[in-house]
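Asks: Build the 3D model from these lines:
(chains A and B)
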Protein chains: 2
Amino acid sequence: MATLNIPFFTTISDRFRVILASGSPRRRELLDRLNLHYEVIPSDFAEDLDKAQFASAGDYVLENAIIKAQDVYQRVKGQSDKPLLIIGADTVVVNSAGTILEKPASEQDAICTLKGLSGKSNTVFTGVCLIVGSLDGTKDPVVERAVEATQVVFGDLDDSIVEAYVATGEPMDKAGSYAYQSLACFFVKEIKGDYYNVVGFPCARFYQMLLDLHHQGHF
Amino acid sequence: MATLNIPFFTTISDRFRVILASGSPRRRELLDRLNLHYEVIPSDFAEDLDKAQFASAGDYVLENAIIKAQDVYQRVKGQSDKPLLIIGADTVVVNSAGTILEKPASEQDAICTLKGLSGKSNTVFTGVCLIVGSLDGTKDPVVERAVEATQVVFGDLDDSIVEAYVATGEPMDKAGSYAYQSLACFFVKEIKGDYYNVVGFPCARFYQMLLDLHHQGHF
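Replies: The predicted model follows:
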């Protein structure tokens, strides 16, 4: 695939050390669509915050994204002759009852989760945090944050499609037990929001955040 | 990618000669996600219907899908010892003024189209037509049809992203001058409907059509 050659991204790549604080291959694949040179340094953060302490799933993913970005920022700052631009992101799936869905513990758990999502909508939230060092090193870094939400509506799942889907193994490492970018295409009826947010990285929002920072003179 | 092993799809593959009446590689890639053995025989239909004769873009794509499926059905029937299952599909992009957008004629045309879509929503329509021969060959084929619509909302496009996008060459062979499955990810804000419909094949609707035919006893 060609990359999108946005002129001010060349400036970012030249003047900043850009780091994606996430090991997700799907996030890398999407970032690779831009002319942005970056490294990958996954955060060590254990993602063990108490979900009950947050007013919403959006607040929770945003806090995770901020901690991931700050974790990598603290580890790397001082080791770089360029200012840093750190990209942190975190994604969760929330069912219609407001429960955050983890990766399934077993095939039976995946079957239960998928049957619970059948005929209903769930929401995917991604928090994005950008930490941008100042070009001359004299100011504190700027922290930009955003949350993107996409509603995902499941069709009515009969037992045969649930069993066939779980048998592929695909649900086992997916939060919410499904991957819309893959075989869940046959039973997700519609979405409302950014498709790429469901995949794990809200591309349009990310571009808009960088454009805003550009217009504010940060690069 | 693993395929979704739906039990009744094995029956279809065993008992029917399944033909996709479209040469679109994106449709093939999506159909390949199912355990459905099929051939590709693109329709010869010139797609030259007078758009002005249709009350809506949905009617227009559906008629195209029906003609494509019937074209291949007529060519192949009698040459097969199995009943036929023909899959026809057609996709168009319609702007907020109701105009069907073709592939751009030039880079300048693509720039104009993209600037016209900026900050507005357009709608992608796909018509799907299935022609299903009777198992014992004594009855007329069943014709199933459906139209899927997905709204696509563009962010505000500045000149630099339009120019960068057109420079990639990606818009040049795309109706509507964009590909959401690719670099348009950075400027499409949200969609309402099936993502795969925007790619050109509404997977969930297609699965539902086959499931309905299965429940009606056609396979």
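
Asks: When you work out contacts or count neighbours from here on, use the C-alpha atoms and nothing else.
Replies: Noted.

Asks: my guess is A:Val128 meets A:Asn64, correct?
Replies: No. Assessed by Cα atoms under 8 Å, A:Val128 is found out of contact with A:Asn64, at 9.0 Å.

Asks: Give me the common contacts of these two.
Replies: By Cα atoms under 8 Å, 6 or more residues apart in numbering or on different chains, A:Val128 and A:Asn64 have these common neighbours: A:Ala89, A:Asp90.

Asks: More neighbours: which of those two?
Replies: Neighbours were counted for A:Val128 and for A:Asn64 using other Cα atoms under 10 Å in any protein chain shown; A:Val128 has more, 28 against 24.

Asks: Within the sheet, what are the partner strands of the helix or strand hosting the more buried one, with directions?
Replies: In this assignment (DSSP states H and E), A:Val128 forms part of strand A:121-132. Applying DSSP bridges to the sheet, strand A:121-132 is found paired with strand A:84-94 (antiparallel), strand A:142-154 (antiparallel).

Asks: List the buried residues in stretch A:23-37.
Replies: Using 16 or more other Cα atoms under 10 Å in any protein chain shown as the test for burial, stretch A:23-37 gives A:Arg27, A:Arg28, A:Leu30, A:Leu31, A:Asp32, A:Arg33, A:Leu34, A:Asn35, A:Leu36, A:His37.

Asks: same thing with stretch A:194-212?
Replies: In stretch A:194-212, counting by 16+ other Cα under 10 Å, buried: A:194-206, A:208-211.

Asks: Stretch A:130-137 too?
Replies: By 16+ other Cα under 10 Å, the buried positions in stretch A:130-137 come out as A:Leu130, A:Ile131, A:Val132, A:Gly133, A:Ser134.

Asks: check contacts around the third one.
Replies: So the one you mean is A:Val132. So A:Val132 contacts A:Pro83, A:Leu84, A:Leu85, A:Ile86, A:Pro141, A:Val142, A:Val143, A:His218 (Cα under 8 Å, 6+ apart).

Asks: beta partners of it?
Replies: Taking DSSP bridges, one finds A:Leu85, A:Val142 as the beta-bridge partners of A:Val132.

Asks: For the lengthiest helix in chain A, buried residues please.
Replies: Using DSSP state H, we find that the single longest helix of chain A is helix A:57-76. By 16+ other Cα under 10 Å, the buried positions in helix A:57-76 come out as A:57-73.

Asks: burial of A:Val124, as a residue count?
Replies: For A:Val124, using other Cα under 10 Å, the count is 26.

Asks: Let me see the confidence value for A:Ser80.
Replies: We have a pLDDT of 88 for A:Ser80.

Asks: Pull stretch A:125-144 out as PDB, backbone CA atoms only.
Replies: Extracted in PDB, the C-alpha atoms of stretch A:125-144 (Å, rounded to 0.1, in the frame of the first residue of the first chain):
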ATOM      1  CA  PHE A 125     -13.800   2.800  23.100                       C
ATOM      2  CA  THR A 126     -10.200   3.800  22.200                       C
ATOM      3  CA  GLY A 127      -8.300   6.300  24.300                       C
ATOM      4  CA  VAL A 128      -5.400   8.100  22.500                       C
ATOM      5  CA  CYS A 129      -2.800  10.100  24.300                       C
ATOM      6  CA  LEU A 130       0.000  12.100  22.500                       C
ATOM      7  CA  ILE A 131       2.900  13.500  24.500                       C
ATOM      8  CA  VAL A 132       4.800  16.100  22.500                       C
ATOM      9  CA  GLY A 133       8.100  17.500  23.800                       C
ATOM     10  CA  SER A 134       8.900  21.100  23.000                       C
ATOM     11  CA  LEU A 135      11.200  21.700  20.100                       C
ATOM     12  CA  ASP A 136      13.700  23.800  22.000                       C
ATOM     13  CA  GLY A 137      13.500  21.700  25.100                       C
ATOM     14  CA  THR A 138      12.600  24.600  27.400                       C
ATOM     15  CA  LYS A 139       8.900  23.900  27.900                       C
ATOM     16  CA  ASP A 140       7.000  21.100  29.500                       C
ATOM     17  CA  PRO A 141       5.600  18.600  27.000                       C
ATOM     18  CA  VAL A 142       2.100  19.000  25.700                       C
ATOM     19  CA  VAL A 143      -0.300  16.200  26.400                       C
ATOM     20  CA  GLU A 144      -3.200  15.700  24.000                       C
END
